[in-house]
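In: below are the sequence and a predicted model for it; my questions follow.
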Amino acid sequence: MAKEKSVYVCTECGGTSPKWLGKCPSCGAWNTLIEQASSPAAGGGGQNRFGTQFAALAGASELAVLSEIEASDVARTPTGLDELDRVLGGGIVAGGVTLIGGDPGIGKSTLLLQAADALQNAGQLALYVTGEESGAQVAMRARRLGLERSQVQVMAEIQLEKILATLDANRPAIAVIDSIQTVYSDQLTSAPGSVAQVRECAAHLTRFAKASGTAVVLVGHVTKEGALAGPRVLEHMVDTVLYFEGDTHSSFRLVRAIKNRFGAVNEIGVFAMTERGLRGVANPSAIFLSQHSEPVPGSVVLVTLEGTRPMLVEIQALVDDGGPSPRRLSVGLERDRLAMLLAVLHRHAGVACMDQDVFVNAVGGVRITEPAADLAVMLAIASSLRGKPLPKGFIAFGEVGLAGEVRPAPRGQERLKEAAKLGFSVAIVPKANAPKKGAIEGLTIHAVERIEQALDAVRGLE
């Protein structure tokens, strides 16, 4: 009996190699090649690598001029969950494929079951395919969520061919596949969850969604680093990629859009986990602000921008005497950027923290990636070092460069209006973000161009 040939597939990019290598020849990632049985080639017509033999097998496709193609807005169906609709760009799109990932127990299945039930109540046929639970377990979750009368169709199946046949026979408006790592195809010999199975099953489900108009939602596992498990090509196949974030010990959850072909990216939806499932939070700024009766040193409120939504987040800093090797620790902010800001603070503002431990935290578990947080972080560090609290109702935002200049943040007027709406009264902002025409009612704005000017303005407020 002939020995079955094997091939090594990269878990990052899906590239193949005939032998094991420490480094993937396609993407350069290390230790990502895994062995799996190679599938036999389909026919001998594809031996010519330049494709000259394929010309006789199929006619040429018609070409279209870009300017003559009709560009119409995509019709959307609201899911009934306002925060989820915000992240999706207004609702689900017929034929769209969405991939949602998150840690175990974060609430992915709960959210999708609630969305499927809301769509079913709105007259859209919803099908929930579960590969990790039985139908009885899904029914128990529905009872806990108060969905006793739910008419959502449930199917406990992991074989791809049966799932596709059922979808083709019923043609639901939305189909939830929970999860893509449990689905397998009989056409492949590898085990469920392998790179080949995940890639092929996702490709078939995507092809069905585009051909039938059914919106497909794929639930994906995540690795210990928090990235979606499986080949990275999975994220390229789908139209939308969502990440479910949050601490399982906290009642708040964030849904973040990383990729969206039908809407803006980096939008977030904020949910609160209750006994009756996930509920949208209309005013997320209230979550990320600590309730101090009196101002405390090291606390500054930042107006950050998540997609199109301005949010107020409290930045806390603690500067304490350090040992021979002072620590630099940040939670919710980039650690390398913190080291850079400390160097700028020393060089251009004369605030030295070389022998101090510096800890910075974004309250509420939110992750801030935009550089507009620089000014708030530096003011919080200076406040903690001096032991002087900032005045009540104080906010700040702005990017700080290596030369000590304070650069403008995008959509500064919307940030200021959001702060004024929530009762804040004093702001230190980049000069370019100061209102050009008229003042914002109830808000005193100090416009600065350099970090030393910002610190002088803070001292003048004490």
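Out: Ah, there it is.
In: helix or strand right after the helix or strand bottoming out on mean pLDDT in the chain?
Out: Among the helices and strands of the chain, strand 33-37 carries the lowest confidence by mean pLDDT, DSSP states H and E, at a mean of 76. Toward the C-terminus, strand 33-37 is succeeded by strand 76-77 as the next helix or strand (DSSP states H and E).
In: outside of that following strand, which residues touch it?
Out: Under the criterion CB atoms under 8 Å, 6 or more residues apart in numbering, residues 88-94, 119, 122, 124, 173, 215, 262 lie in contact with strand 76-77. (Glycine included, C-beta is placed from N, CA and C.)
In: which one of those is nearest Ile287?
Out: When those are compared for distance to Ile287 (CB to CB), Leu88 comes out closest, at 21.3 Å.
In: return the residues in contact with the closest one.
Out: Arg76, Thr79, Thr98, Thr240, Ala257, Asn260, Phe262, Gly263.
In: quick revisit: could you say what helices and strands the least confident helix or strand of the chain packs with?
Out: For strand 33-37, the elements it packs on are strand 6-10, helix 195-212, judged by 3 or more CB pairs under 8 Å, 6 or more residues apart in numbering; DSSP states H and E.
In: format these as a markdown table; extra columns: mean pLDDT.
Out: Shown next, in a markdown table, are these (pLDDT from 0 to 100):
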| stretch | mean pLDDT |
| --- | --- |
| strand 6-10 | 82 |
| helix 195-212 | 92 |
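In: a markdown table for those, including distance to Ala282 and mean neighbour count?
Out: Output for those, formatted as a markdown table (distance: least, CB to CB, whole Å; neighbours: other CB atoms under 10 Å):
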| stretch | distance to Ala282 | mean neighbour count |
| --- | --- | --- |
| strand 6-10 | 44 | 19 |
| helix 195-212 | 32 | 20 |
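In: A helix includes Ala118, no?
Out: Yes - when classified by DSSP: H, G, I helix; E, B strand; the rest coil, Ala118 is found to be part of a helix.
In: and for it, the neighbour number?
Out: Neighbour count for Ala118, taken as other CB atoms under 10 Å: 19.
In: that one and Leu33, how far apart?
Out: 43 Å (CB to CB, to the nearest Å).
In: sorry, back to before: closest to Arg328 out of the helices and strands packed on strand 33-37?
Out: Closest of the helices and strands packed on strand 33-37 to Arg328 is strand 6-10, at 34.8 Å (criterion: CB to CB).
In: following the closest one, which helix or strand shows up next?
Out: Next in sequence after strand 6-10, counting helices and strands by DSSP H and E, comes strand 16-17.
In: show me what the closest residue in space to Gly102 that isn't next to it in sequence is bridged to.
Out: Leaving aside its sequence neighbours, Gly102 sits nearest to Phe244 (CB to CB, 6 or more residues apart in numbering; 2.9 Å). Listed by DSSP bridges, the beta-bridge partners for Phe244 are Gly102, Val255.
In: quick check: Phe244 touching Ile106?
Out: Yes - the pair Phe244 / Ile106 is scored as a contact, 4.8 Å apart, by CB atoms under 8 Å.
In: tell me, what's touching those two both at once?
Out: Arg253.
In: measure Ser251 to Arg207 for me?
Out: According to CB to CB, Ser251 stands 39 Å off from Arg207.
In: ok, Gln153 next?
Out: Distance of Gln153 to Arg207, computed by CB to CB: 22 Å.
In: going along the chain, name the strands of the stretch 151-300 of the chain.
Out: 153-156, 174-178, 215-220, 240-245, 252-260, 268-274, 277-280, 299-306 (DSSP state E, counting those that start in this stretch).
In: below-threshold pLDDT in the protein: ranges please.
Out: 1-4, 37-59, 225-226, 229-231, 248, 438 (pLDDT under 70).
In: hey, where'd the helices end up in it?
Out: For the chain, the helices defined by DSSP state H cover 82-88, 108-121, 135-144, 160-170, 195-212, 233-237, 335-349, 374-386, 412-421, 451-461.
In: so who does Gly365 touch?
Out: Contacts for Gly365 (CB under 8 Å, 6+ apart) come out as Glu245, Gly246, Asp247, Ser250, Phe252, Leu254, Gly332.
In: out of those residues, which are buried?
Out: Buried members of those, scored by 16 or more other CB atoms under 10 Å, are Glu245, Gly246, Phe252, Leu254, Gly332.
In: farthest-separated two in the residues you listed?
Out: Among the buried ones among the contacts of Gly365, Phe252 and Gly332 lie farthest apart (CB to CB), at 13.5 Å.
In: ok, the contacts of Leu88 vs Pro324, which is closest?
Out: Ala257 (44.5 Å).
In: what's near enough to touch Pro435?
Out: By CB under 8 Å, 6+ apart, Pro435 lies in contact with Gln413, Leu416, Ile445.
In: those residues into JSON lines, with extra columns for neighbour count and distance to Arg232?
Out: JSON lines is the format used below for these (neighbours: other CB atoms under 10 Å; distance: CB to CB, whole Å):
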{"residue": "Gln413", "neighbour count": "13", "distance to Arg232": "38"}
{"residue": "Leu416", "neighbour count": "24", "distance to Arg232": "39"}
{"residue": "Ile445", "neighbour count": "17", "distance to Arg232": "44"}
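In: next, count neighbours for Lys437.
Out: Neighbourhood size, Lys437 [other CB under 10 Å]: 4.
In: same thing with Cys24?
Out: As a burial measure, Cys24 scores 22 neighbours (other CB under 10 Å).
In: got a list of what it touches?
Out: Contacts for Cys24 (CB under 8 Å, 6+ apart) come out as Cys10, Glu12, Cys13, Gly15, Ser17, Trp30, Thr32, Leu33.
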